[in-house]
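Asker: my questions concern the predicted model and sequence given below.
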Amino acid sequence: MRDTITNDPSASHWLKRAVTELWERDVVDALNDLDVLREVLEAKHHAHVLTLKRMVTSDDGTRH
C-alpha cells in the first residue's frame, strides 16, 4: 500500500511524505497522533463552516 501511494502521480506531496514517515514510526504512536490530527482537522472544518454561515447571513439574520 505504501508503494502504491508514494508512486501515484495524483497523490499530493504531503500525503507521500506522510506515508513515508508513517512507515518508519511506531504504530501506536502514529495512531495516537492521527487521532489528534483528526480532531484538529474537524475543528478547522467547523470553523470554516461557521465562517461561511456568517458570510451568507446578514446582520438582521436574513440570508442572501
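Answerer: It's in.
Asker: mind listing the helices for this protein?
Answerer: Assignment of helices within the chain using DSSP state H yields the ranges 2-6, 13-24, 27-56.
Asker: columns mean neighbour count and mean pLDDT on top of those, output as a markdown table?
Answerer: Glycine gets a C-beta too; all of them are placed from N, C-alpha and C. Shown next, in a markdown table, are those (neighbours: other C-beta atoms under 10 Å; pLDDT from 0 to 100):
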| stretch | mean neighbour count | mean pLDDT |
| --- | --- | --- |
| helix 2-6 | 11 | 95 |
| helix 13-24 | 12 | 95 |
| helix 27-56 | 10 | 94 |
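Asker: which outside residues touch stretch 16-30?
Answerer: Contacts of stretch 16-30 from elsewhere in the structure, counted by C-beta atoms under 8 Å, 6 or more residues apart in numbering, are 2, 5, 6.
Asker: next one: the residue nearest to the last one when sequence neighbours are not counted from residue 34, what distance?
Answerer: What sits nearest to residue 6 in space, not counting adjacent residues and going by C-beta to C-beta, 6 or more residues apart in numbering, is residue 16, at 4.9 Å. When C-beta to C-beta, to the nearest Å is applied, the distance between residue 16 and residue 34 equals 17 Å.
Asker: tell me, what residue is most central in the chain?
Answerer: Within the chain, the residue whose C-alpha comes closest to the C-alpha centroid is residue 41; the distance, by C-alpha atoms, centre = their mean, is 4.7 Å.
Asker: that one and residue 27, how far apart?
Answerer: Between residue 41 and residue 27 the computed distance is 20 Å (C-beta to C-beta).
Asker: please apply the same query to residue 4.
Answerer: For residue 4, the distance to residue 27 equals 19 Å [C-beta to C-beta].
Asker: and for residue 2?
Answerer: Between residue 2 and residue 27 the computed distance is 13 Å (C-beta to C-beta).
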